[in-house]
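Undergrad: Sequence and predicted structure below; questions after.
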Amino acid sequence: MEKTIFLYFRQVTDMADDGSAGNVDGPGSVMFPASSFRYMNPTADGTITLYFDNVRANSRTASSQSDIVSLTVTQGKEKEAMQDIMAAINSNPTDGFVIMADDCVTTDSATSALDDLSRSSSYCSPHISAVSAINVHNENDGYGVHEIYEVVDIPTTGTADDAVLAPLSFYIPAQATILEGSITAVELATNDIGSVALEVHTAADTGASAGTEIIGADTASDTSLPDADLDISSNAILGDTITGGTLISHESPLDRGTSASYFHIVAKEDMDTTDPTGTPKVGVHLKWVGPAPVSTVGA
């Protein structure tokens with residue numbers, strides 16, 4: 001059996017966010033077979049872009065769009081960086097795995113002693129300093145069933161009731177029907193402060209909440225399961241999950257119609273009086289049928 005060499009790229013700086021944009025055009029990390037690499041070229045001062053065959057295309061569906069990875073390099077050293085990239089691709093490692101560029105500098109672990117530790121980023125060239133973009137195209141022009149799980153860091157600075165704590169890294173264009181949704185306590189605060197809910201809005205929202213709650217205590221007619229906000233305090237249960245209940249399910253999907261869908265984690269306990277401490281995190285799961293998500297990172 002012929003050995004396949006794979007090339008690894010990771011854009012996120014925290015392991016907890018790896019895969020935060022899974023199954024979408026802009027994943028947090030990706031691994032391409034070296035055989036799918038086609039060419040690379042400088043696309044701006046200090047930027048090199050690598051082009052790969054579309055990895056989601058299959059024998060029934062061809063794609064004319066290349067998957068791409070853009071790398072930030074030292075300005076004036078684009079040629080040297082490309083030479084190092086080719087040397088890495090042709091290195092023929094015994095394990096078939098080549099780290100091309102890895103921005104991650106913070107660990108993630110269910111074991112406290114191994115969590116949120118510092119680590120070094122890694123690049124195949126001293127002239128590469130970051131992964132600036134990863135774009136993996138959908139083979140069906142974006143329409144179909146999509147699913148995302150994203151881990152959101154909860155800020156620990158003062159935040160009043162119903163204020164937006166953190167937006168998700170993408171939005172869904174109009175004509176999407178949400179089939180599943182949930183929020184999970186991935187990491188708890190270290191003091192007994194904090195609970196959150198998930199809202200959807202027709203536009204980006206970073207201040208006082210202007211969206212509609214879709215997972216949380218909500219109202220009696222749209223009951224989440226359980227009918228509660230997600231507790232992320234030190235007194236909560238790690239891994240506790242609130243689902244969309246009767247509002248978001250296969251039996252009762254949430255049709256967004258002509259509205260775009262931007263998602264936000266919002267504060268549901270007054271974190272302005274006492275700040276949460278530690279590094280609380282919330283996992284958000286969404287599944288829908290309709291158009292592909294659009295990244296808001298860097299937008």
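TA: Okay, I see it. Computed from a predicted model, the values in this text were never measured in an experiment.
Undergrad: Which residue ranges of this structure form helices?
TA: 78-89 (DSSP state H).
Undergrad: which regions of it lie under the pLDDT threshold?
TA: 1-3, 19-26, 56-65, 137-142, 158, 219-220, 297-299 (pLDDT under 70).
Undergrad: In terms of residue numbering, what are the domains of it?
TA: 6-135, 144-295 (automatic domain parsing).
Undergrad: want to throw those domains into JSON lines with mean neighbour count?
TA: Backbone N, C-alpha and C define where each C-beta goes, glycine included. Output for the domains of the chain, formatted as JSON lines (neighbours: other C-beta atoms under 10 Å):
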{"stretch": "domain 6-135", "mean neighbour count": "17"}
{"stretch": "domain 144-295", "mean neighbour count": "19"}
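Undergrad: do you know how far Ser29 is from Val12?
TA: Distance of Ser29 to Val12, computed by C-beta to C-beta, to the nearest Å: 7 Å.
Undergrad: Quickly list what's touching both of the two.
TA: Common contacts of Ser29 and Val12, defined by C-beta atoms under 8 Å, 6 or more residues apart in numbering, comprise Asp18.
Undergrad: Please enumerate the strands of the stretch 151-299 of the chain.
TA: 164-172, 177-189, 195-201, 212-215, 230-231, 241-243, 254-255, 261-267, 278-290, 294-295 (DSSP state E, counting those that start in this stretch).
Undergrad: Confirm for me that Ile134 is in contact with Val69.
TA: Yes - at 5.4 Å, Ile134 counts as touching Val69 under the criterion of C-beta atoms under 8 Å.
Undergrad: what touches both of those two?
TA: 9, 30.
Undergrad: In contact with Asn41, which residues?
TA: 48-49.
Undergrad: run the last query once more with 7 Å
TA: Applying C-beta atoms under 7 Å, 6 or more residues apart in numbering to Asn41 gives the contacts Thr49.
Undergrad: go on, Asp84?
TA: Taking C-beta under 7 Å, 6+ apart as the test, what Asp84 contacts is 124-125, 127.
Undergrad: try 10 Å this time
TA: Residues counted as contacts of Asp84 (C-beta atoms under 10 Å, 6 or more residues apart in numbering) are 73, 77, 100, 123-128.
Undergrad: from those residues, which single one is nearest Ser259?
TA: Among the contacts of Asp84, Met100 lies closest to Ser259 (C-beta to C-beta), at 39.1 Å.
Undergrad: so what's that closest one up against?
TA: 6-10, 31-32, 34, 50, 69, 71, 84-85, 88-89, 122-125, 128, 131.
Undergrad: now do Thr72
TA: Taking C-beta under 10 Å, 6+ apart, one finds 44, 46-48, 81, 101, 103, 123, 127-133 in contact with Thr72.
Undergrad: among the residues you listed, which are in strands?
TA: With strands taken from DSSP state E, the overlap with the contacts of Thr72 comprises 44, 47-48, 101, 123, 128-133.
Undergrad: Turn these into JSON lines, columns for distance to Leu238.
TA: Shown next, in JSON lines, are these (distance: C-beta to C-beta, whole Å):
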{"residue": "Ala44", "distance to Leu238": "43"}
{"residue": "Thr47", "distance to Leu238": "41"}
{"residue": "Ile48", "distance to Leu238": "41"}
{"residue": "Ala101", "distance to Leu238": "32"}
{"residue": "Tyr123", "distance to Leu238": "34"}
{"residue": "Ile128", "distance to Leu238": "37"}
{"residue": "Ser129", "distance to Leu238": "36"}
{"residue": "Ala130", "distance to Leu238": "32"}
{"residue": "Val131", "distance to Leu238": "31"}
{"residue": "Ser132", "distance to Leu238": "34"}
{"residue": "Ala133", "distance to Leu238": "34"}
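Undergrad: Which two of those residues have the greatest separation?
TA: Farthest-apart pair in those is Ala44 and Tyr123; separation 18.3 Å (C-beta to C-beta).
Undergrad: Got phi/psi on Thr111?
TA: phi -90, psi 120 (degrees, to the nearest 10).
Undergrad: where's it relative to Leu188, distance?
TA: Using C-beta to C-beta, Thr111 is found at 14 Å from Leu188.
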